[in-house]
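Chemist: sequence? don't have it. structure:
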């Protein structure tokens, strides 16, 4: 490689893994070295990927069920389209560097959809008593499963983020002494 040639471009997943500066030329941070530095980063990356797949699963299930709802009450297809667009928005939010809004949207949409499914099977939706008692529809069972997983993952990711923020806030700053005095500007 000549001196004038630009350095090769490398992709680093900044949204999932923290950067890690290793000594020496040409040494690139790896997933293993990042996990050693921050063991929660792997869990957060896996949760985020599974959350995106789960929210996309909710959207796909409702796209497949949308033609059936066109024959029922008029507001149901509108709710399906709103749910599908909300799921796509939640996926987009989960791709951000700070995924908290994405997790809130994903968990809220999944919980609301799960509750609406239970309501449609127990007391019925307004103007649509036809689904009462139909618990064994394949798309409905798949929807319940995926929504439950997304709610669980969302709650876990939000709890991990809250715990990490508390730990970061409790940690003393490197330039301060434990009594609050700056070590670099202390007078003698």
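Modeler: Good, I have the coordinates. Just so we're clear, the structure is a prediction, and the values are computed from it rather than from any experiment.
Chemist: Which parts of this structure are helices?
Modeler: 31-37, 40-69, 75-94, 100-122, 138-170 (DSSP state H).
Chemist: Nearest to residue 132, out of those helices?
Modeler: When those are compared by Cβ to Cβ, helix 100-122 sits nearest residue 132, at 6.4 Å. Using the backbone N, CA and C atoms, a C-beta is placed for each residue, glycine as well.
Chemist: any idea how far residue 65 lies from residue 130?
Modeler: Applying Cβ to Cβ, to the nearest Å, the value for residue 65 to residue 130 is 14 Å.
Chemist: Which one's more surrounded, the two?
Modeler: More neighbours surround residue 65 than the other of residue 65 and residue 130, with 16 against 13 (other Cβ atoms under 10 Å).
Chemist: so who does that one touch?
Modeler: If a contact means Cβ atoms under 8 Å, 6 or more residues apart in numbering, then residue 65 has 80, 139, 143 as its contacts.
Chemist: Neighbours of the second one, how many?
Modeler: By other Cβ under 10 Å, the residues close to residue 139 number 13.
Chemist: dump the residue contacts of residue 63.
Modeler: By Cβ under 8 Å, 6+ apart, residue 63 lies in contact with residue 84.
Chemist: Just name the closest of the contacts of residue 65 to residue 45, please.
Modeler: Minimum distance to residue 45 across the contacts of residue 65 is 26.0 Å, recorded for residue 143 (Cβ to Cβ).
Chemist: That closest one contacts residue 110, doesn't it?
Modeler: No: Residue 143 is not in contact with residue 110 according to Cβ atoms under 8 Å; the separation is 9.5 Å.
Chemist: hey, what's in contact with both of these two?
Modeler: Taking Cβ under 8 Å, 6+ apart as the contact rule, residue 143 and residue 110 both touch residue 58.
Chemist: If you count surrounding residues, which of those two has more?
Modeler: residue 110 (28 against 21).
Chemist: where does the more buried one land on pLDDT?
Modeler: With respect to pLDDT, residue 110 scores 94.
Chemist: Could you do residue 38 as well?
Modeler: 61.
Chemist: Identify the residues contacting the spatially closest residue to residue 113 that is not a sequence neighbour.
Modeler: If the residues on either side of it in the chain are set aside, residue 113 comes closest to residue 147, at 5.4 Å by Cβ to Cβ, 6 or more residues apart in numbering. Contact analysis of residue 147 by Cβ under 8 Å, 6+ apart lists 58, 110, 111, 113, 114, 117.
Chemist: do residue 53 as well
Modeler: Going by Cβ under 8 Å, 6+ apart, residue 53 touches no other residue.
Chemist: and if you look at residue 111?
Modeler: By Cβ under 8 Å, 6+ apart, the contact list for residue 111 reads 147, 151.
Chemist: what's the pLDDT at the residue nearest to residue 113?
Modeler: Here, the pLDDT recorded for residue 147 equals 94.
Chemist: Repeat that for residue 154.
Modeler: On the pLDDT scale, residue 154 gets 92.
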